[in-house]
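Undergrad: Show me how the following folds:
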Amino acid sequence: MSAEKKITYDEEVIFKQLSVEGLRHRFEKRIGSGSLKPSTNRMLNRIKCIYMFIRKNGIVTTQELVEEFGITPRTIQRDLNVLAYNDLVISPSRGKWTTTQKKVKMSS
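TA: You can find the predicted model right below:
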């Protein structure tokens, strides 16, 4: 991704390579090719938004994410675990998060 392209914090951003899509595929594989439950779609969209927020802001604390998204610290932690498992975020020190250098293709 070029440095000139501005990343917008917007739910309309669709990740092509982000492994959230892999998660979506795995969920669909388990429950059939029909549409996902609304709660699963909300979770996947929230995880994408969290990733974009961290990417936009550099290093953020778990508390900043709680305040930004208005959800519990435990929910934020679960979402961060998904991103960390997929090598998209790391925690350089306890309670702080930043994105990794893993390439992610996005379209607006």
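
Undergrad: Now the longest helix along the chain: buried residues?
TA: The helix that spans the most residues within the chain, counting by DSSP state H, is helix 38-57. Buried residues in helix 38-57, counted by 16 or more other CB atoms under 10 Å: 43, 44, 46, 47, 48, 49, 50, 51, 52, 53, 54, 55. In short, each C-beta sits where N, CA and C put it, glycine included.

Undergrad: Closest to residue 92 out of those?
TA: Set against residue 92, the nearest of those by CB to CB is residue 54 (11.9 Å).

Undergrad: List the contacts of the closest one.
TA: When contacts are counted by CB atoms under 8 Å, 6 or more residues apart in numbering, residue 54 touches 60, 65, 89, 97, 98, 99.

Undergrad: The second one and residue 94: what is the separation?
TA: Pointing back at residue 65 there. 14 Å (CB to CB, to the nearest Å).

Undergrad: more crowded one of these two?
TA: More crowded of residue 65 and residue 94, by other CB atoms under 10 Å: residue 65, with 22 against 7.

Undergrad: Okay, and the more buried one sits in which element?
TA: In the assignment (DSSP states H and E), residue 65 maps to helix 62-69.

Undergrad: Sketch out the low-pLDDT regions of this structure for me.
TA: Where the chain drops to pLDDT under 70, the residues are 1-36, 105-108.

Undergrad: all strands for it, in order.
TA: Using DSSP state E, the strands assigned to the chain run over residues 14-15, 60-61, 89-93, 96-99, 106-107.

Undergrad: among those strands, which is the most enclosed?
TA: strand 96-99 (a mean of 18; mean count of other CB atoms under 10 Å).

Undergrad: So which elements touch it?
TA: helix 38-57, strand 60-61, helix 62-69, strand 89-93 (3 or more CB pairs under 8 Å, 6 or more residues apart in numbering; DSSP states H and E).

Undergrad: would you list those in a markdown table and tack on distance to residue 103?
TA: As requested, the helices and strands packed on strand 96-99 are arranged in a markdown table below (distance: least, CB to CB, whole Å):
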| stretch | distance to residue 103 |
| --- | --- |
| helix 38-57 | 12 |
| strand 60-61 | 21 |
| helix 62-69 | 23 |
| strand 89-93 | 14 |
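
Undergrad: So which of the ones you listed is nearest residue 78?
TA: helix 38-57 (8.8 Å).
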